[in-house]
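Below is the sequence, then the predicted model.
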Amino acid sequence: MVAGCGTPRITPVDPEIFLNSELAFIKDGITTREEVCLKLGVPTAQLEGDRILMFQFLADQDGKWQLISPKFGGVLRRWEGGTMSPGLVFGNGGVLPRLSMVISK
Amino acid sequence: MRIHHSDIRGILLFLACLTLPSTPWRVIIPLPEHGLLAGRGKIEESDIAFLKVGVTTRGEVLLRFGEPDGVLLDQRILAYSWAVSVGVVAVGSGGGDIWKYYLFMVEFDEEGRLKREEINSNRTWQNLEAMLEEWIKQSENENIRGKPCKD
């Protein structure tokens, strides 16, 4: 039987895997933008002022997640397979109410 | 047994190499869309069904699709791109995928709410870039028209 293998879709992943490791310091409604930036460093994207911060992580050879810089091909970003891209949306008081993550296939 | 497009492609290329003479030749084998040649993944129409003009915020789009591949016009336009294979081309002793490019463009109003969105595809990236430029021009023109004149 011939079966097709389609194109992978942009896939949201449960940020829980990072909340148990690299983002373990984050506490809903308590962690501030400043704390995130001090712990993680410069975000790869910053939108709506500094309300939305995005970071990119890629696992190294030992399987440890490392923060990486964005890569560009022309004006658009270029993605390496396996890149995790958590997005953090901060509320009015600068504390974190929402977190989501997308994986690059 | 599951046979994937990559297997079929390999078999077809192998057969093409065996059966064709050694003079210059070119074989194009169209296949259904498969694989991901660039980008983070495909965005289907069903993935964007939740978008509502005047309602959905930039934050919601970012939380669903992640970091955009392009941020343009003071964040009014976000762009996500990807490319898939739609077949293989064999030329002489070489060959490769036939690419198809996709671009998902989203525009937001000044309050950060969805203004319009569109998914386009093309066999050449330059044509999609031209579409993006057209979007930018439209957005710039509307923005100029929408601003009150200063004395």
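Yep, it's here. The shown structure was predicted, so the numbers you read here are calculated from the model rather than taken from an experiment.

residue ranges with poor pLDDT in the chain?
In the absence of a named chain, this looks at chain A. Applying pLDDT under 70 to chain A picks out residues A:1-5, A:15, A:103-105.

meant chain B, my bad for not saying
B:1-6, B:8-24, B:145-151.

residue of it with the smallest distance to chain A?
Of all residues in chain B, the one sitting closest to chain A is residue B:66 (3.0 Å; CB to the nearest CB). Where C-beta positions appear, they are placed from N, C-alpha and C, glycine not excepted.

and the end-to-end length of stretch A:7-14?
21 Å (CA to CA, to the nearest Å).

Pull out the buried residues from the host helix or strand of residue B:143.
In the assignment (DSSP states H and E), residue B:143 maps to helix B:125-146. Neighbour-count burial for helix B:125-146 flags B:125, B:128, B:129, B:132, B:135, B:136, B:139 (criterion: 16 or more other CB atoms under 10 Å in any protein chain shown).

Out of those residues, the closest to residue B:36 would be?
Nearest to residue B:36 among these, counting by CB to CB, is residue B:125 at 15.2 Å.

In this structure that closest one contacts residue B:101, no?
Yes: with contact defined as CB atoms under 8 Å, residue B:125 counts as touching residue B:101 (4.9 Å).

Quick check: neighbours shared by the two?
Among the neighbours of residue B:125, those also in contact with residue B:101 (CB atoms under 8 Å, 6 or more residues apart in numbering or on different chains) are residue B:83.

measure the spatially most central residue of chain A to chain B for me?
When CA atoms, centre = their mean is applied to chain A, the residue found nearest the centroid is residue A:86 (1.9 Å). In this view, residue A:86 and chain B are 8 Å apart by CB to the nearest CB, to the nearest Å.

element containing that residue, please.
Going by DSSP H and E, residue A:86 is part of strand A:84-89.

Tell me the helix or strand right after that strand.
Immediately after strand A:84-89, counting by DSSP H and E, sits strand A:98-103.

picking that back up, can you redo the buried residues of helix B:125-146 as a markdown table with distance to residue B:86?
Formatted as a markdown table, those follow (distance: CB to CB, whole Å):
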| residue | distance to residue B:86 |
| --- | --- |
| B:125 | 14 |
| B:128 | 15 |
| B:129 | 19 |
| B:132 | 21 |
| B:135 | 24 |
| B:136 | 27 |
| B:139 | 30 |
